[in-house]
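Student: Turn this into a model:
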Amino acid sequence: MEFAGINYWAVLAAAVAAFMFGAAWYGGLSKQWMAAVGLAEPPKPNPVVYGMTFGCQLVIAWVLAGVMGHLSQVSLMGGIISALFIWFGFVATTLMVNHRFQSAPWSLTLIDGGHWLGVLVIMGAVIGLIGV
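Tutor: Numbering: from 1, shown residues only. Sure thing, here's the model as predicted:
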């Protein structure tokens, strides 16, 4: 299915893959993340938060697909390079500014930054392989 050159199957696949990556990333780094945010116990699972998270993943994948299509970089390498540029230029810098003003530890910036790097690279690769 396509609309305005964006393959929604690629967007959906990218969002699902990125969501699964996030579960594994934060599952593996749960103790470090809890220490970085100052939690003694893990937060209770909230289906609304998970649903919102997946919805945001869909938006991110849709925008990344649009950027890749606009730049005519719909390939595995084009997706990875686009993801790296977006992460470095927007995500990493935003996290650094926000976390420094929040006096958050650098460990939180590294954990969250690594997560978003993985999300974007996975999305770029999936979209590049399936096509926009």
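Student: so residue 84 touches residue 118, yeah?
Tutor: No - under the criterion of Cβ atoms under 8 Å, residue 84 makes no contact with residue 118, lying 11.5 Å away. From N, CA and C alone the C-beta is placed, and that goes for glycine too.
Student: more crowded one of these two?
Tutor: A count of neighbours by other Cβ atoms under 10 Å puts residue 118 above the other of residue 84 and residue 118, at 17 against 14.
Student: Run through the residues that contact that one.
Tutor: By Cβ atoms under 8 Å, 6 or more residues apart in numbering, residue 118 lies in contact with 18, 21, 22, 25.
Student: between these, which has the most around it?
Tutor: residue 18 (28 neighbours).
Student: do you know how far that one is from residue 113?
Tutor: When distance is defined by Cβ to Cβ, to the nearest Å, residue 18 is 15 Å away from residue 113.
Student: can you redo the contacts of residue 118 as JSON lines with secondary structure?
Tutor: JSON lines is the format used below for the contacts of residue 118 (DSSP: H, G, I helix; E, B strand; the rest coil):
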{"residue": "18", "secondary structure": "helix"}
{"residue": "21", "secondary structure": "helix"}
{"residue": "22", "secondary structure": "helix"}
{"residue": "25", "secondary structure": "helix"}
